[in-house]
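*Asks:* give me the fold of what follows.
(chains A and B)
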Amino acid sequence: MSTSLLLLIIALIGFIAFLAGRSRSFARSGGKLSSLHSLPGYHGSYVAIWATLPALLLLAIWLITSPVYIDYTVRSSLPEPVQSQGAATLQLALGQVKSVAAGFERLNASEISAIENGSANMRETLASKGVALAGEGEPYMVKAAQQFNAMRQYSRWLMSVAVLLVSVAGAFYALRNIDVRFRARNRVERVMLGSLILASSIAILTTVGIVASMLSEAGRFFTMVSPMEFFFGTVWDPRFAAAGSGGASGQFGLLPLLAGTLYIAFVAMLFAVPIGLFAAIYMAEYASPRLRSIAKPLLEVLAGIPTIVYGFFALVTVGPFLRDISTQLNGVLTGNYQNFIQAQSVITAGIVMGIMLIPFVSSLSDDIITQVPRALRDGSLGLGATRSETVKKVILPAALPGIVGALLLTASRAVGETMIVVLAAGVAARMQFNPLEPMTTVTVKIVNQLTGDLEFTSPQTLVAFALGITLFVITLGLNIYALYIVRKYREQYE
Amino acid sequence: MSEAAVEKALDQKMNTVPFKMVGRDVSVYYGEKRALFDVNLDVRENTVTALIGPSGCGKSTFLRTLNRMNDTIENCRVTGKITLDEDDIYDLSIDVVELRARVGMVFQKPNPFPKSIYDNVSYGPRIHGLARTKAELDAVVETSLQKAGLWNEVKDRLHEPGTGLSGGQQQRLCIARAVAVSPEVILMDEPCSALDPIATAKVEELIHELRANFTIVIVTHSMQQAARVSQRTAMFHLGNLVEENDTDKMFTNPDDQRTQDYIMGRFG
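*Replies:* You can find the predicted model right below:
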């Protein structure tokens, strides 16, 4: 019985259980609904939960553990010479056995027996059915494959029976419990609560898992390259991972990347902060509600554009434009038509990233400015202050902590931004302070190190995890600090 | 002249006191909804005029027309004529900012700016350039706080945030803030509704004293408060001015049956 059919049957049992539970509680109450502790629907749900949940749990466990067990049994039944050839070869042999087994499922009995007594070539027969084998296949594989198939079939059969039994048994157990004073409602709600907790813990555990895996990989990197060299090195030159060499041959200095990251983020903020802040002040304080209702969503559309599109825009429009205009300027001023802005440069990436950040700055600041109580506005206007005096002297100072928080959040986005810098900033890891020259960032180098053929044992690849964890710590720090400031600000008016 | 003598003189002159502000056929619309119907109300100089009436009767709306705070509300339209010293305050030649410096306002909830006590009080004088030197500004702050009866309580912590004061102190700080601009008229929109009885008593006493220098219009829900602090009372009902009279007469022998009913607590 296939898994999906099994699931369908369990659902059906659950549905029937629901109806049965509901009608039983109804019958128990003798038609007086008010005498029931819980409504019939709750009793029905209670029985349905008992009919489905344990069965599904068993199904899940079986599906996860049975292949492991079968693999183990088949592997240990392989002939002695194969066993003694090391783990890698053994694994390869097992994979081949599985392919053969999958092929056998498509053959009929006579074809199988032909292969068994050697009258047909196994590889050709299987190939004719669309199953490709890596090698010729050894005779022992035929036996192993048959054992594998038999065990799988048996396991599947056993699983179906067990799961259905558990399902029906659960339903009957729950049905017997139903009574007038039975607290079905509380139990159903406890299951609900459990599923809510499960959902939120999955989200949290995933984060923890990601961080843990990054940490352990970064740890492996640091066994090959010393942390001092990584965090304080001024040269980024990882070289290539030579096959089999495994040793650290390049130089992994973080500082040039960090400098590039912070420099580009700084240039981006230089563009985004004044424009975004002014836009927010206009939207929050001056714009009429009608204009605001049109203009604010339009501004926020910018936030919905995928960053790769911005990167593309930087690569084909902004970068060449800056390069050409610098060529013309230089020509007119000195007569030498030589561009002094590179197409890929800090300023190109900074401008385009700044454009991307404008809606973040304006939308967050706008929320914070509109949160300043109306009473403060009225108080200032009532003293004969103009609108702009009110904004300058009352509203902005009151909103300042929140705005600073918003800017920190935006900065953490700028630091973590990838696609724009990959396309617009360049790949040369250099320590320099001319914004017209290319620099590179941590994110660009992560992309670089993880592109192409990978070997997860060389420092050239593992360095990506060290870079990732560094970036993660920076943005996490910025976010936590920003949230702390924003929350503190909120309390002020509550 | 002693304070009591001033008061007595003022009371005697009551009916001869000149009008500071005059409202003629004032109507206010919020969009399609009409909130005030042709109100004719005069505000006498150096007098406390109380506006009373049940919730939603238009008394706060009328108060806000007097310094054009209704301008800040979307869709709000005012018709009729209001004058301040015989100038039409809705005339195009009037700068609304200048008007609000002459007609100050104290709000229902204390709303000190999140700045120091000193900066709160000096806010208005700074904007309007009322003091040229630091010493002058200090003097303005001190006299304003004294007028608001707050000086002794805060003189040692002028540079602490105004939001750290108690509710009653905050409201007196807001009054000091309004006084610092040297307005001619002070509008108060239920200034004591967020205060406890002791703080209320202090603010009422303060209103009494301010009367010597300012013309005051106060909206209140409390009939006792109107009787205690005002010389003239105006009763609003459903957007109409029902009756305007001397406070004493209003609370003992009103002309209008509705006033009588409201004061007796039969509705509202």
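
*Asks:* how about the closest residue to chain B within the stretch 201-350 of chain A, what does it touch?
*Replies:* In the stretch 201-350 of chain A, the residue that lies nearest chain B is A:P289 (6.3 Å; CB to the nearest CB). Heads up, the C-betas are built off the backbone N, CA and C, glycines and all. By CB atoms under 8 Å, 6 or more residues apart in numbering or on different chains, A:P289 lies in contact with B:E74.

*Asks:* and it, how far is that from A:M283?
*Replies:* Counting by CB to CB, to the nearest Å, the separation of A:P289 from A:M283 is 11 Å.

*Asks:* what do you get for A:T386?
*Replies:* Computed as CB to CB, the A:T386 to A:M283 distance reads 19 Å.

*Asks:* between these two, tell me which one has more neighbours.
*Replies:* Taking neighbours as other CB atoms under 10 Å in any protein chain shown, A:T386 and A:M283 compare with A:M283 leading, 20 against 15.

*Asks:* pretty sure the more buried one sits against A:K296.
*Replies:* Yes: A:M283 lies in contact with A:K296 (CB atoms under 8 Å); the separation is 5.7 Å.

*Asks:* in this structure A:A134 contacts A:V97, no?
*Replies:* No: under the criterion of CB under 8 Å, A:A134 makes no contact with A:V97, lying 11.5 Å away.

*Asks:* thinking again about what came up before, intersection of neighbour lists for A:M283 and A:K296?
*Replies:* With CB under 8 Å, 6+ apart, A:M283 and A:K296 have common neighbours A:D366.

*Asks:* mind checking how far B:L51 is from B:R211?
*Replies:* 16 Å.

*Asks:* more crowded one of the two?
*Replies:* Neighbour count, other CB under 10 Å: between B:L51 and B:R211, B:L51 has more, with 28 against 20.

*Asks:* mind checking pLDDT for the more buried one?
*Replies:* On the pLDDT scale, B:L51 is placed at 93.

*Asks:* just B:T16 next, same as before
*Replies:* The predicted local confidence for B:T16 is 69.

*Asks:* A:A243 too?
*Replies:* Reported pLDDT for A:A243: 51.

*Asks:* dump the residue contacts of the spatially most central residue of chain B.
*Replies:* Nearest residue to the geometric centre of chain B (CA atoms, centre = their mean): B:L187, 2.0 Å. Listed by CB under 8 Å, 6+ apart, the contact set of B:L187 reads B:L63, B:R64, B:L66, B:N67, B:V103, B:G104, B:M105, B:V106, B:I216, B:V217, B:I218.

*Asks:* isn't the first one up against B:I186?
*Replies:* This means B:L63. No: judged on CB under 8 Å, B:L63 makes no contact with B:I186 at a distance of 10.9 Å.

*Asks:* list residues touching both of these two?
*Replies:* B:V217.

*Asks:* so between the two, which is more surrounded?
*Replies:* A count of neighbours by other CB under 10 Å puts B:I186 above the other of B:L63 and B:I186, at 25 against 21.

*Asks:* chain center to the helix or strand containing B:E209, what's the gap?
*Replies:* Using DSSP states H and E, the element containing B:E209 is helix B:197-210. Offset of helix B:197-210 from its chain centre (CA atoms, centre = their mean, to the nearest Å): 13 Å.

*Asks:* touching the next helix or strand after that helix from outside, list them.
*Replies:* The first helix or strand that comes after helix B:197-210 along the chain, using DSSP H and E, is strand B:215-219. Applying CB under 8 Å, 6+ apart, the external contacts of strand B:215-219 come out as B:20-21, B:43-52, B:59-60, B:63, B:66, B:184-191, B:207, B:210, B:226, B:229-230.

*Asks:* next structured bit after strand B:215-219?
*Replies:* helix B:223-229.

*Asks:* please name the residues that touch the closest residue to B:M21 other than its chain neighbours.
*Replies:* Counting by CB to CB, 6 or more residues apart in numbering or on different chains, B:M21 lies nearest to B:V43, which is 4.1 Å off, once chain neighbours are set aside. Applying CB under 8 Å, 6+ apart to B:V43 gives the contacts B:F19, B:K20, B:M21, B:V22, B:G23, B:T49, B:L66, B:V185, B:T215, B:V217.

*Asks:* ok, 10 Å please
*Replies:* Going by CB atoms under 10 Å, 6 or more residues apart in numbering or on different chains, B:V43 touches B:19-23, B:49, B:66, B:82, B:84, B:185, B:187, B:215-217, B:232, B:234.

*Asks:* same check, this time on B:D85
*Replies:* B:P18, B:F19, B:K20, B:M21, B:V22, B:E45, B:R102, B:E184, B:V185 are the contacts of B:D85 under CB under 10 Å, 6+ apart.

*Asks:* A:G384 versus that one, what's the distance?
*Replies:* Distance, B:D85 to A:G384, by CB to CB: 16 Å.

*Asks:* ok, A:Q146 next?
*Replies:* 96 Å.

*Asks:* check B:Y262 too.
*Replies:* According to CB to CB, B:Y262 stands 35 Å off from A:G384.

*Asks:* do A:V188 as well
*Replies:* Taking CB to CB, one finds A:V188 at 63 Å from A:G384.

*Asks:* looking at the two, which one has more neighbours?
*Replies:* Higher neighbour count among A:V188 and A:G384: A:G384, with 25 against 19, using other CB under 10 Å.
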